[in-house]
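J.: Let's see this in three dimensions:
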Amino acid sequence: MPRERPELTSEPASSAPAPGPGEAAARREATPGPEELLREAELKAAEHHDAWLRAKAEAENTRKRAQEDIAKAHKFGIERFASELLAVKDSLEAALAAENATFEALRGGVELTLRQLEGVFERQAIREINPVGEKFDPHRHQAISMLPSDKEPNTVINVLQKGYALNDRVIRPALVTVAKPKDA
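T.: Next comes the predicted model:
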């Protein structure tokens, strides 16, 4: 048996009554026209453009402030270190200005000044590299010569000039003499 097809009608599928002529006119008035839609879109675009320009300007100002802060940090980064060194300089000048000072008094003043300088280095995390008896490390030491020695080869046997490290970064390697093998 063939299937029955539903009849096509021009009635809406919903059971709501069809809008009357007055309702259709009200809907047309509530629906904005293309000109009004365009005007609203242009206003929104202008608003977004303004917000974008403000955000861009703020980002540029932040970048400039950061650059200024970095420049000041580079320029004045050693200010604390320099102010601590002033006490050491004052002590040296006082030693030179002392008249009729005995050798022992001068020596005592120089030792006191050296302790001041060591205190400054300690506060600034400047550490001395004095590697006598250590294995030669090309990252921390600079070998000036090799001498025959009873010590193990490549061992530092003499320090000609101490090295220094700032926060574990070598700022001046120690100048050293290294033991060479006896049969070399």
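
J.: need the helices for the protein, in chain order.
T.: Under the criterion DSSP state H, helices of the chain are mapped to 21-30, 34-76, 79-97, 103-123.

J.: quick one, which of these is nearest to Gly133?
T.: If you check each of those against Gly133 by Cβ to Cβ, helix 103-123 wins as the nearest, at 21.8 Å. The C-beta positions use only the backbone N, C-alpha and C, and glycine is treated the same way.

J.: relative to helix 79-97, how tilted is the closest one?
T.: Angle between the axes of helix 103-123 and helix 79-97 is 180 degrees (criterion: axes from the mean of the first three to the mean of the last three Cα atoms, to 10 degrees).

J.: Of all the helices of the chain, which one comes closest to Glu134?
T.: Each of the helices of the chain was checked against Glu134 via Cβ to Cβ, and the shortest separation belongs to helix 103-123, namely 20.3 Å.

J.: Kindly reformat the helices of the chain as a markdown table and extend each row with mean neighbour count, mean pLDDT and distance to Asn167.
T.: Formatted as a markdown table, those follow (neighbours: other Cβ atoms under 10 Å; pLDDT from 0 to 100; distance: least, Cβ to Cβ, whole Å):
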| stretch | mean neighbour count | mean pLDDT | distance to Asn167 |
| --- | --- | --- | --- |
| helix 21-30 | 9 | 61 | 72 |
| helix 34-76 | 10 | 94 | 16 |
| helix 79-97 | 13 | 91 | 13 |
| helix 103-123 | 13 | 93 | 12 |
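
J.: Outline the domain layout of this structure.
T.: For the chain, whose domains are defined here by automatic domain parsing, the residue ranges read 33-76, 126-184.

J.: any idea how far the longest one is from the chain center?
T.: Relative to the centre of its chain, domain 126-184 is centred 32 Å away, using Cα atoms, centre = their mean, to the nearest Å.

J.: now the shortest one
T.: Here the centre of mass of C-alpha atoms in domain 33-76, compared against the chain's by Cα atoms, centre = their mean, lies 26 Å away.
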